[in-house]
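A.B. asks: The sequence and its predicted three-dimensional model are supplied below.
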Amino acid sequence: MILEARNVTKFYGSFRALAGVSLGVEESECVSIIGPNGAGKSTLINVLTGALRPTSGSVRFKGRDVRGIGPVALARLGMARSFQLVHIFPDLTVLETLQAAVVSRLRRGTRLFSALARDREVQEGALEVADLFRLADKRHAVARQLSQGDKKLLDVASAFALRPEIILLDEPTSGVSTADKTTIMEILVTASRRIGLRAIIQVEHDMDIAFGYSDRIIALHEGKVLADGPPARIRADRHVVDTVIGRTRASGTTTAPHPGPLATGERG
Amino acid sequence: MRGRAVLAAVALAALGLPWVTPAYHVLLMLPFMAYAVVLLGLNLLFGHAGLVSFGHALFIGIGAYTGAFLTTHTPVRSLEVILVGAAVLGAAAAALVGALCVRYVKIYFGMLTLAFGMLFYTFLLKFYRLTGGDEGMRVLRPSLLGQSLDAMPKTEYLAGPYYYYSLAVLALATLVMWRIVHSPFGLCLRTTRDNPAKAEALGLGVTRYRWYAFVISGVYAAVGGALLGPPTGNVDPTLAYWTQSGNIVFMTLLGGFASFFGPVLGAFVFIFLQDTVMSVVVYWRLIFGALLAVIVIFAPGGLMGLFGRNRPVEVSRT
């Protein structure tokens, strides 16, 4: 098991955001966390990514206790994340953003006197990810000037540029048009296979995306795991349908399913 | 290409200046060059890390007093030794102060740096046995590259060898800073300015990068401070006073913090404008205050921003 949370509870003051959540992510799995607003999805992601320390319970990544160790240490361990609200560097270009991620991965950030422009490994690494995310033709554009969809792509692309073993995507398709959502997901699947990701966890509100691109769904409600299983079983769970999904949306997805998007991946 | 041509022209003008202008203007170039070194460092913090220090006069003071102490209390007269000593002490002080300050941002960072600056100013003022109090300390004429130039008339010394020495230090400081801002470190530093949470998510330790930038800027300020002493032959606590910190922030804004050479241009215009305005009216600070207001409101990119060669600057109106 690559990532495991056991009996995680998180309180904000007297408010209990997570109540004994347990989950595990296996090698080559793509897991979607679904749930209504206030279910504790973002808190769970923040706990899993070390940004928040749980009040009780354990979080282990590759067998190591990572409770509250912070995003920097986790990124170095091989876990990357993207954010629900787009997180970019507004004044940096697309290429500079990706270069920063590659520099971080290669641990070259404290090189004071070497010329970045002449670092071929960094340049090629950044261009490769730009290509993968269809951002190559916009590589010299300043991030703030990109469309919302491209900003989202750049946010995710920079996390991929770290070549992590596992990635946590907090609503990777939120705030973009329906047409762009599928494109983003297709790019994500291709990129995941190309870099040899070992696992993906995504928080997703769009049920088409969640059910179409996951091996497993975890439904959260009021800080608890309501159900955990393959998409077909979750869709058949009347309690989950009534509480989390809604009957209309549960009747079918418009997106063709991509079971096991990482199944054929080879780490490269 | 155009940038290189301008740079070459400026370098040629600087090299030829002592032959074509009166000594008075050449001597005005000395504080300009010293402040330009300070500002190159300050702008690593201001423009690239997004941290505005209101206490950098502390490091200018450390550099200036290093020169004074070494030349009056020890046999050291070599300017090279003074500059290295200033750099080391500046780095040590910045490492300590920076470790406490860079955990904070915005006004909290600014106020903390101001507080440390004022602490040092008070130290200089009150420990008069060591520092000479408000009278300050003498700076004996330093030797340059092993050459003692004590026999040379002062103006000739300052407008000749000392001018070129300062120019060489400025050129070297510019070259080194150019490498730093175009290095992987420079890029990572800008990520911490633009979006610290995102930078951390990419595995970049924000506090650590800010601290490095603080230390480097401390070294630059100390080296610049050490160059300020010899032209006047005296250093006093006003060099470390908060108005001095305000002046260098003003110079940075005047030239434009978004541009590499903006602060250097700011130092040049500030020094020469101050000299001109002071010779005309007593209330030069009034003029400069109005000028600052005009720049912030109408030209937030500073003078370099008017040429449109730097990234857009957003001024928060909240």
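C.D. replies: Arrived safely, thanks for sending.
A.B. asks: Not counting residues beside it along the chain, what's closest to the spatially most central residue of chain B?
C.D. replies: In chain B, the C-alpha closest to the average C-alpha coordinate belongs to B:Val38, at a distance of 1.5 Å (CA atoms, centre = their mean). The spatially closest residue to B:Val38, leaving aside those adjacent along the chain, is B:Gly224, at 3.5 Å (CB to CB, 6 or more residues apart in numbering or on different chains). Every residue, glycine included, has its C-beta placed from N, CA and C.
A.B. asks: now B:Pro196
C.D. replies: B:Val206 (4.6 Å).
A.B. asks: Where does B:Arg141 fall, secondary structure wise?
C.D. replies: Under DSSP states H and E, no helix or strand contains B:Arg141.
A.B. asks: For the nearest residue to it once chain neighbours are set aside, which three-state class applies?
C.D. replies: Among residues not flanking B:Arg141 along the chain, B:Asp150 sits closest, at 5.9 Å (CB to CB, 6+ apart). On the three-state scheme (DSSP: H, G, I helix; E, B strand; the rest coil), B:Asp150 is labelled coil.
A.B. asks: for B:Asp150, phi and psi?
C.D. replies: phi -60, psi -30 (degrees, to the nearest 10).
A.B. asks: For it, give me the pLDDT.
C.D. replies: Looking at B:Asp150, its pLDDT is 84.
A.B. asks: just the helices in chain A please.
C.D. replies: A:41-48, A:71-77, A:94-105, A:120-132, A:148-160, A:178-195, A:207-212, A:231-236, A:238-240, A:247-250 (DSSP state H).
A.B. asks: Now distance to B:Leu170 too, for the ones you listed, in a markdown table please.
C.D. replies: Formatted as a markdown table, the helices of chain A follow (distance: least, CB to CB, whole Å):
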| stretch | distance to B:Leu170 |
| --- | --- |
| helix A:41-48 | 48 |
| helix A:71-77 | 36 |
| helix A:94-105 | 28 |
| helix A:120-132 | 30 |
| helix A:148-160 | 37 |
| helix A:178-195 | 46 |
| helix A:207-212 | 57 |
| helix A:231-236 | 66 |
| helix A:238-240 | 69 |
| helix A:247-250 | 66 |
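A.B. asks: and these, which is most packed in?
C.D. replies: The highest average neighbour count among those, using mean count of other CB atoms under 10 Å in any protein chain shown, belongs to helix A:94-105 at a mean of 27.
A.B. asks: Output the contacting helices and strands for it.
C.D. replies: helix A:120-132, helix A:148-160, helix B:184-194 (3 or more CB pairs under 8 Å, 6 or more residues apart in numbering or on different chains; DSSP states H and E).
A.B. asks: and the last one, does that touch chain A?
C.D. replies: Yes - contact between helix B:184-194 and chain A, assessed by CB under 8 Å from any CB of the partner chain, occurs at B:184-188, B:190-191, B:193-194.
A.B. asks: can you pull the contacts of the closest residue to B:Gly41 other than its chain neighbours?
C.D. replies: Once flanking residues are discounted, B:Gly41 sits nearest to B:Tyr220: 2.3 Å by CB to CB, 6+ apart. Counting by CB atoms under 8 Å, 6 or more residues apart in numbering or on different chains, B:Tyr220 makes contact with B:37-38, B:40-42, B:44, B:90, B:173, B:177.
A.B. asks: show me the contacts for the residue nearest to the centre of chain B.
C.D. replies: Going by CB under 8 Å, 6+ apart, B:Val38 touches B:56, B:60, B:220-221, B:224-225, B:248, B:267.
A.B. asks: In terms of helix, strand or coil, where does it fall?
C.D. replies: B:Val38 - assigned by three-state DSSP - is helix.
A.B. asks: And it, how close does it get to B:Thr232?
C.D. replies: B:Val38 sits 16 Å away from B:Thr232, going by CB to CB, to the nearest Å.
A.B. asks: ok, B:Leu44 touching B:Val219?
C.D. replies: No - taking CB atoms under 8 Å as the definition, B:Leu44 is not a contact partner of B:Val219, at 10.2 Å.
A.B. asks: And the residue nearest to the centre of chain B, how close does it get to B:Thr174?
C.D. replies: Separation of B:Val38 from B:Thr174 (CB to CB) stands at 13 Å.
A.B. asks: related to what we said a few turns ago, turn the helices of chain A into a markdown table, columns for mean pLDDT and distance to A:Pro172.
C.D. replies: Shown next, in a markdown table, are the helices of chain A (pLDDT from 0 to 100; distance: least, CB to CB, whole Å):
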| stretch | mean pLDDT | distance to A:Pro172 |
| --- | --- | --- |
| helix A:41-48 | 90 | 12 |
| helix A:71-77 | 91 | 18 |
| helix A:94-105 | 96 | 16 |
| helix A:120-132 | 94 | 15 |
| helix A:148-160 | 90 | 6 |
| helix A:178-195 | 84 | 6 |
| helix A:207-212 | 84 | 8 |
| helix A:231-236 | 86 | 17 |
| helix A:238-240 | 80 | 22 |
| helix A:247-250 | 54 | 19 |
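A.B. asks: how deep is the closest residue to chain A within the stretch 1-150 of chain B tucked in, by neighbour count?
C.D. replies: Residue nearest to chain A within the stretch 1-150 of chain B (CB to the nearest CB): B:Gly50, separated by 9.9 Å. Counted with other CB atoms under 10 Å in any protein chain shown, the neighbours of B:Gly50 add up to 20.
A.B. asks: Check the gap between it and B:Gly301 for me.
C.D. replies: 15 Å.
A.B. asks: for the helix or strand the residue nearest to B:Val38 falls within, which positions count as buried?
C.D. replies: Per DSSP H and E: B:Gly224 is located in helix B:206-232. Buried positions in helix B:206-232, judged by neighbour count with 16 or more other CB atoms under 10 Å in any protein chain shown: B:206, B:209-232.
A.B. asks: Can you pull the residues of chain B lying near chain A?
C.D. replies: So far as CB under 8 Å from any CB goes, chain B lies against chain A at B:176, B:179-180, B:182-188, B:190-191, B:193-195, B:197-205, B:209, B:212, B:311-312.
A.B. asks: let's see 7 Å
C.D. replies: Proximity of chain B to chain A, by CB under 7 Å from any CB of the partner chain, involves residues B:179-180, B:182-185, B:187-188, B:190-191, B:194-195, B:197-198, B:200-205, B:311.
A.B. asks: For residue 187, list the residues it contacts.
C.D. replies: By default, I'm working from chain A. By CB atoms under 7 Å, 6 or more residues apart in numbering or on different chains, A:Ile187 lies in contact with A:133-134, A:153.
A.B. asks: Wait, chain B was what I had in mind.
C.D. replies: Contacts of B:Leu187 by CB under 7 Å, 6+ apart are A:96, A:99-100, A:103, A:116.
A.B. asks: A:Thr190: which of these is nearest?
C.D. replies: A:Gln99 (21.5 Å; CB to CB).
A.B. asks: what's around the residue nearest to B:Pro142 when sequence neighbours are not counted, how many residues?
C.D. replies: In space, and not counting its chain neighbours, B:Pro142 is closest to B:Leu79: 4.0 Å by CB to CB, 6+ apart. Using other CB under 10 Å as the criterion, B:Leu79 is surrounded by 26 other residues.
A.B. asks: Check B:Val249 too.
C.D. replies: By other CB under 10 Å, the residues close to B:Val249 number 22.
A.B. asks: where does it fall, helix, sheet strand or coil?
C.D. replies: helix.
A.B. asks: give me every residue that touches the nearest residue to A:Gly57 once chain neighbours are set aside.
C.D. replies: Nearest residue to A:Gly57 in three dimensions, chain neighbours excluded: A:Val8, at 3.6 Å (CB to CB, 6+ apart). Counting by CB under 7 Å, 6+ apart, A:Val8 touches A:18, A:21, A:47, A:54, A:57, A:59.
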